[in-house]
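> this one's structure only:
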Ligand SMILES: Cc1ncc(C[n+]2csc(CCOP(=O)(O)OP(=O)(O)O)c2C)c(N)n1
Ligand SMILES: Cc1ncc(C[n+]2csc(CCOP(=O)(O)OP(=O)(O)O)c2C)c(N)n1
Ligand code: SF4
Ligand code: SF4
Ligand code: SF4
Ligand code: SF4
Ligand code: SF4
Ligand code: SF4
Ligand SMILES: [Mg+2]
Ligand SMILES: [Mg+2]
């Protein structure tokens, strides 16, 4: 019987087991081939869709490669000034406490220029969700060093590799955030394999569920490649990420139910 | 023989065991009676004097009650914009690595508007010393809530007491700072009793000694009263500080030799 | 009618609230008023002063360099404001802490031992109300009834229990103010 | 003499560096030059183009809307720049990926199979040098010697080992360029 | 019903006006001489009175970006600060203008540059009216000269901001912020419900419902043609504001030979100088711009035809004088007199300057 | 010795010029279209070439305050950014001006307002010349119109900054920053030693030695009288700069009937428009302000006596035109033509605008 | 145990040829094309008939260009 | 063990009357004045002869107005 199944028999609407969520628009993503931003976008939208929350969600796009996130996510969105997304989110959530409010930020945005806004929104325990895409570099502006760039890693502003003596240490902002009493759920994930994608989606779902319960700030870091900035093919970049980023930024939950893990 | 000693016999220059260091100018301090800023100023100057470093020290005054620190400290000083002292210090030290460079900052300055500059200077491991006077309030501007204001504590912008649900939790910035690899010595002290003054002075001395050895950022928090902001007499304010501030901001070393204590 | 007043003294002497009650009293009798304090960190421990104007017409400049009346509560303020009283104007002062009493001949000078009286009454906090009483005795530009109304308006309800003491103080001020030049 | 050129194609095709070598070649023969790229995120994966001007005089506007020469390396660029070649001007293109070849009659159109040739040679990176060779064959505004000097100047020393391959590619370009209208 | 009277500081009047105007959110950071705005709000518990959100932010940067977030939702939001704090907001203000968001920013100006002084000044006129931030944009700028106007202009500013979808600024100064005057209070205007907001601000990010496309608030457009169209639209709007919203006051101008032009505290000083001038028989009037953008260009131009000279009185080195000169186009003499560093000129000085620089000069 | 020639981007030229001018420190944060400044510096290892410090800061706020710290020490320090980043620096710039510190700020302008676009623009003229920050202050502002000038003006700007103890700005745009042209390089100027700095900048905070009083750098003075004196001193300085440092270029102006006034990239476009005009027999010249502050007021005023009209060409809604009008005082017609949103006007459009708005209008 | 058979549809004009999906496929049923699409990218295509409809390829695809179908057989 | 005797000199015009020194004195030799100084503050003064010159008062004094003397006796 298997043998008799033709392509046409399988490719029918009722047999669909996976398709792009309708909360992603049809616009072609502006990201480089293989960039984790696309996957992360989709996961957030899948969760909003599952929560049936399109009408109750306000998203905030940062300044960074994902500055155009609003072109791809079919929800109401605001574009924030570089680093200030948590300030916007604070106001939105306080003015409209029944909405889901999330920011979507890169590592330059969140951990460099936006350090103050990030820490204070977290410390106030704002009931918002932060999706933090850490690719260890400034993708948008052409691959400059980020606060999260690894020691020895090259970028256009550390062309000989990050020298921690001169340029400082990579900043584990997520671990700092987790220590603040205002945060309730803090986790670090990735989206380079199907298993990781599934875990990340669960984490995002959990973050939004907790937001609904007004538990305080929920924070999902996604360690991602910036293959353009790293000057590698996407597949190599993912491997490099596994080999180099994960040891420094280990995946897993950091704070659960308001308690640090371990 | 003791009986024969007159006042005149004792009060002679050669019998002086303590007098205001010459590195404090003769200008009357602009601080309220009993304010810990004066004592802290003096300790820093005593240390610079002991190190014979007047000619090699650049200090940075913040925006806050100590904005006029340069009137009282007889060293070259710069007055920074609110919160930015660590950025100034970074540049000064890098441009003149042989000088002692320190910032003197309040809790509003360092832990609110200056969060980003503080964290990044610490994270880069700048070889500077930060003297951080934490009085749990914005003294200069008339007693508004600071990031460090205790839960329930009243201020002119939380006249019914700090409600952590609405206004966030007090921020233990010193503990955060201590977790950054760029900091080498982080301690919390006070100046309300002679014993505490002596300990604080030792800590400041240690901080400057380590700066000389280029060990990274050294950080001395001084928990202090703001009797005007707290609306208490100085003596009551010090008692209130012992009873309320110290339990939340426990005194003692937090990071020594680049290692967290405990 | 326009009355331009400076009230000046130390930070803790209730200079600003005296001015505020005076201004509110003006409002109670349908006048235009302005109350312009010196402000900022110089207030911390240092001196404080406030310019109060009451007028039947629109008030123009709320900041002045010449006053109809100066109410002076410490030496620094005496040094600064004695010269700025308009000829024929009024200077009222509390002699406590005054080393060099006023010397001008072209103005009317009164003194009031408000500080002493306040500690006699055991109510140091109402010192400023005694002074106010003295002032409206000399220049009844606001009616006592309106002062009482103004007092009530300017105090938050939780302090209304203090009104009787304040009233007593104002009335005491009416009694004890002295014309220095007549003396 | 002034030559105003647009070079346009995909991001990875070496458009900008071809322009840079051309500009440096101009400097080598004492000309004024300008090199003005499109810039920013649109370069990411998208198209890239650069305006190069070589002139014996001070160059005025570095941005143009009309060109003496257009060097076109993909379809989007063809659509955009074919109309912007000055009448009598030159359009040089690589047919790889071109669906609609140029149609204007009032300009000179040449093609060069640089992409194909580069993969034949097993050196896909020097594709742009083949195109450059083709261009200077048609319009010898810069002398080959100066191109070689320009090439050397524009490459950081650590890439100088690549010069021979590049030279080979330029020379190959000289050979394989074809006049389309003659064909 | 008897009107409600209060003796209030200018800063307190702003706060009370905000509550009564149905403001949804205030976000600020302390700075002298305007900290009373937030202090008053916090003491009033507006979350109990009207549900208004009042939040002390960690900085002025955060404040203005909170305002941005709230404004995107169609909420009536505001901040206040003083000069150095307003400088920190310039990027945010440019974003607000670029994204065409209604909001209110109050600047209680102090003396600059730098940390300067906490005393009153008018040296932020350029920043407010020419654009302290980057790009071509304009703030609707109102200059109150009394505590009553501090109160009234909050509502006016919100109305104009929403009418034109543009940030509005109240440009005050430390003197007006700190002084108390009699204020007539208006009745509470209720805050808008979400349904009302959606109706009034269909562009707001209130959550994408099935009946409309998603709403996006951004000031970015990487396509130059679209970006230019957006800029042209902004310029059209500014033109319309200029045509419709000029406000000013004239005093004793009918038969004046000379005119003071002054706003805010300076105008108050000039009022007194008018009295002094009358005593001296000098025919001088006061032209008081109330909107600094739009500046009353035509009104001043017209007046210039009838008078001999203009003295611009500003507590600055002379900034508004450029707008006066641009209006007057060289027809009559225009001079500046002012004080800097927190000093308020006296009416006598002002009159003397008129005599020397304009009448005698 | 043969002069050293390079093909460089404007941004790279700034970086190389900084090293060769003996710059002590660069502090910056990436932003398009100027990130190449820091990238070039980092690749050049200037700490090895001259000992220059180059540091990527955590933000523009940090950058400008690092510049402040370095400038206080008498060091030759600089930063660069583009429009939104420069807006974030406004508080810091006001502090630098208030404290009278020499330094260099490079603004490679992009289209605004808000996030805008990364394409070139000239819409930050007001911000640069009128004071985007609070208080009465001025930046010495130089407008390069070629890559060579990007290179040359770094040294010029540092020299003026130290001569007048005042921050200087290079107001460029994305086109000049991104384009490459031929640059003639000068020889390396050695960085100053500490002894030389102490001699040149006796006010600098280099450490209080027994032979002098302590040096204090501040912009604060709570005493209004002293604060006013300080402000008057600043105004005196700006007057002196205005008298001494005006720079401009005129092309074909001798027998012109009309004049384009344009700076930077716009001036380049006008150069081409001059050619086109000549072909049409239109007598038009180009007046190119090189210093925007001090603006060549007298030169334009004088010229206005001889010509029929001025067209101001700016990639903005018209900002410099106000300074032109203030100079011309209504004597002749002055109009604006420009493009916004990152679009560069074409020479044809410019010429057409002249014909319509000035010649025909 | 019920066997399943799957298939995928790739929107080849939107595929950016990143190859991230290839490794994710447990049945090695997908590979990159020789040809390029309109954007100049080699695109992913189904080369065997072994697809189980596991959705792995689709959920790692950053550009969301894959739709997965599955039937029980 | 050598006994010591101390004394202090207070710059009363600079004293702000904060009283912080009082508790710090182990010999209770200091107290606040009845009078006020030129700034209106009660100032600290030596009221007994018990001073040991331990310097406690001086080092907690925020305004640095105390000089301490000590002799071995
Ligand atoms: C105030 C300001 N400074 C700088 C920039 C330039 N800028 C745009 S995106 C960006 C950093 C992006 O890096 P990241 O946040 O890590 O995001 P990614 O692109 O890597 O996803 C910078 C510096 C800006 N737009 N605004
Ligand atoms: C940009 C800016 N924002 C706000 C202020 C006003 N301001 C001056 S000091 C201060 C806070 C002072 O508090 P803190 O740092 O705790 O010092 P303290 O006075 O308590 O010693 C503030 C908000 C300012 N000067 N500049
Ligand atoms: S530059 Fe990096 S982060 Fe940005 S889209 Fe490309 S790969 Fe992704
Ligand atoms: S206000 Fe507070 S911090 Fe400031 S001087 Fe007074 S007591 Fe000290
Ligand atoms: S659905 Fe699974 S089996 Fe089928 S192609 Fe995709 S990854 Fe391979
Ligand atoms: S992961 Fe998606 S975009 Fe990448 S090659 Fe596969 S199908 Fe194409
Ligand atoms: S030196 Fe010691 S014993 Fe003497 S008065 Fe001071 S605290 Fe008391
Ligand atoms: S501690 Fe110093 S200032 Fe305070 S009362 Fe004692 S002597 Fe006076
Ligand atoms: Mg990044
Ligand atoms: Mg404090």
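Done, it's in. Everything numeric in this text was worked out from a predicted model, so none of it was measured. Residues are numbered from 1 along each chain as shown, chains lettered A, B, ... in the order given. Ligands and ions are numbered 1, 2, ... in the order given.

> Burial check on whatever residue of the stretch 1-150 of chain A ends up closest to ligand 4, number of neighbours?
Sorted by distance to ligand 4 under Cβ to the nearest ligand atom, the residues of the stretch 1-150 of chain A start with residue A:120, at 22.1 Å. For the C-beta atoms, the positions are set from N, CA and C on the backbone; glycine is no exception. Counted with other Cβ atoms under 10 Å in any protein chain shown, residues neighbouring residue A:120 total 26.

> Ignoring the adjacent residues along the chain, who's closest to it?
Excluding its sequence neighbours, the residue lying closest to residue A:120 (Cβ to Cβ, 6 or more residues apart in numbering or on different chains) is residue E:58, at 4.0 Å.

> What separation do you get for the one you found and ligand 2?
From residue E:58 across to ligand 2, the span is 11 Å (Cβ to the nearest ligand atom, to the nearest Å).

> same check, this time on residue E:71
22 Å.

> residues contacting the residue of the stretch 1-150 of chain A closest to ligand 4?
By Cβ atoms under 8 Å, 6 or more residues apart in numbering or on different chains, the residues touching residue A:120 are A:86, B:112, B:115, B:147, B:168, B:171, E:57, E:58, E:62.

> among those, who's most crowded?
The residue in the contacts of residue A:120 with the most neighbours, by other Cβ under 10 Å, is residue E:62 (32 neighbours).

> Helix or strand: which one has it?
Counting by DSSP states H and E, the secondary-structure element that holds residue E:62 is helix E:60-72.

> Which SSE is immediately downstream of that helix?
strand E:77-81.

> Show residues contacting the helix or strand following that next one.
Proceeding N to C from strand E:77-81, the next assigned helix or strand is helix E:83-88, under DSSP H and E. Helix E:83-88 is touched from outside by B:81-82, E:29, E:31, E:59-61, E:63-64, E:105, E:107, E:109-112, E:114-116, E:121, E:123-124, E:127, E:132, F:61, F:88, F:90-91, F:94, F:132-135, with contacts defined as Cβ under 8 Å, 6+ apart.

> okay, and for chain G, where does confidence drop off?
Along chain G, segments meeting pLDDT under 70 span G:1-2.

> Break down it into its strands, ranges please.
In order along the chain, chain G carries the following strands (DSSP state E): G:4-10, G:30-36, G:42-46, G:66-72.

> How many residues are close by the residue in the stretch 101-250 of chain E that ligand 10 sits nearest to?
For the stretch 101-250 of chain E and ligand 10, the shortest gap (Cβ to the ion) falls at residue E:115, measuring 16.9 Å. Applying other Cβ under 10 Å, we find 27 residues neighbouring residue E:115.

> From chain H, how far off is residue C:34?
When distances are taken as Cβ to the nearest Cβ, to the nearest Å, residue C:34 and chain H turn out to be 29 Å apart.

> got it, and residue G:35?
81 Å.

> Can you verify my assumption that that residue contacts residue G:44?
No - contact status for residue G:35 versus residue G:44: not in contact, 11.7 Å apart, counting by Cβ atoms under 8 Å.

> From the neighbour counts alone, determine which of those two ranks first.
A count of neighbours by other Cβ under 10 Å puts residue G:44 above the other of residue G:35 and residue G:44, at 26 against 10.
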